[in-house]
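Chemist: got a structure for you, letters missing:
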Ligand code: CO
């Protein structure tokens, strides 16, 4: 069995969070290891969903589970949101890449999703409520779209100090030369 990696959560404003992720081609043991490690990270961080870019991988993988029960684990590989329908709902949304920030975000209640499961089977299903909310949030990550982009100007203003603190923390953690090398490596 492939070695299960241990992931850390990538925090805003790390540029990897801004990249558009690539589709998964091989539904193999490596993919299963990555998914298992993503679930482990999600649970450790007490999250309800996680997208691969949040652990530094530019891959179109989402994992989620809004409950405590592992039987409700949901994996969506190469997901496409075919339709967003229903009432527009406001919800206090958080993100593991924005620790401590919860912002009122408006999204449609329902979404229809086509995605592959772990075995490479194509599935199509409609979701509503919290699951639909999580899927729409996590799907944004695959396109490099973040919580901060979904905030109204008022919400952005409200969270400005916390956002600036995250930027300052990111800059403190990496001296400019290291950041430059990193940028080259990621091209
Ligand atoms: Co997020």
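Modeler: Cool, got the structure. Remember, predicted model here, so these are calculated numbers, not experimental data. Numbers count the residues shown, from 1 in each chain.
Chemist: rest of the way, CA atoms for contacts and neighbours
Modeler: OK.
Chemist: list the contacts for residue 132?
Modeler: Residues in contact with residue 132 (CA atoms under 8 Å, 6 or more residues apart in numbering) are 109-111.
Chemist: now with 6 Å?
Modeler: Neighbour list for residue 132: 110-111 [criterion: CA atoms under 6 Å, 6 or more residues apart in numbering].
Chemist: separation between it and residue 23?
Modeler: To residue 23, residue 132 is 21 Å away according to CA to CA, to the nearest Å.
Chemist: and for residue 115?
Modeler: 11 Å.
Chemist: any idea which helix or strand in the chain has the lowest mean pLDDT?
Modeler: Counting by mean pLDDT, DSSP states H and E, the chain has its least confident helix or strand at helix 176-186, which shows a mean of 66.
Chemist: would you map the helices across the chain?
Modeler: 29-44, 129-142, 147-150, 153-158, 160-173, 176-186 (DSSP state H).
Chemist: state the mean pLDDT of the shortest one.
Modeler: Along helix 147-150, the predicted local confidence has a mean pLDDT of 98.
Chemist: and that helix, what's buried?
Modeler: 147-148, 150 (16 or more other CA atoms under 10 Å).
Chemist: nearest residue to the middle of the chain?
Modeler: The centroid of the chain falls nearest to residue 51 when counting by CA atoms, centre = their mean (3.1 Å).
Chemist: just checking, that residue touches residue 59?
Modeler: No. Taking CA atoms under 6 Å as the definition, residue 51 is not a contact partner of residue 59, at 8.5 Å.
Chemist: so, low pLDDT: which residues of this structure?
Modeler: Confidence mapping of the chain against pLDDT under 70 gives the ranges 1-4, 177-187.
Chemist: okay, how far is it across stretch 83-101, tip to tip?
Modeler: End-to-end distance for stretch 83-101, by CA to CA: 28 Å.
Chemist: give me the distance from it to the chain's centre.
Modeler: With CA atoms, centre = their mean, to the nearest Å as the basis, stretch 83-101 stands 12 Å off its chain's centre.
Chemist: what lies in contact with that stretch?
Modeler: By CA under 6 Å, 6+ apart, stretch 83-101 touches 10-12, 102-112.
Chemist: out of the residues you listed, flag the one nearest to residue 128.
Modeler: Among the contacts of stretch 83-101, residue 110 lies closest to residue 128 (CA to CA), at 4.3 Å.
Chemist: that closest one bridge partners, please.
Modeler: Per DSSP bridges, the residues bridged to residue 110 are residue 85.
Chemist: residues contacting the closest residue in space to residue 88 that isn't next to it in sequence?
Modeler: Using CA to CA, 6 or more residues apart in numbering and skipping the chain neighbours, the partner closest in space to residue 88 is residue 108 (4.2 Å). By CA under 6 Å, 6+ apart, residue 108 lies in contact with 85-89.
Chemist: dihedrals phi and psi, residue 95?
Modeler: phi -160, psi 130 (degrees, to the nearest 10).
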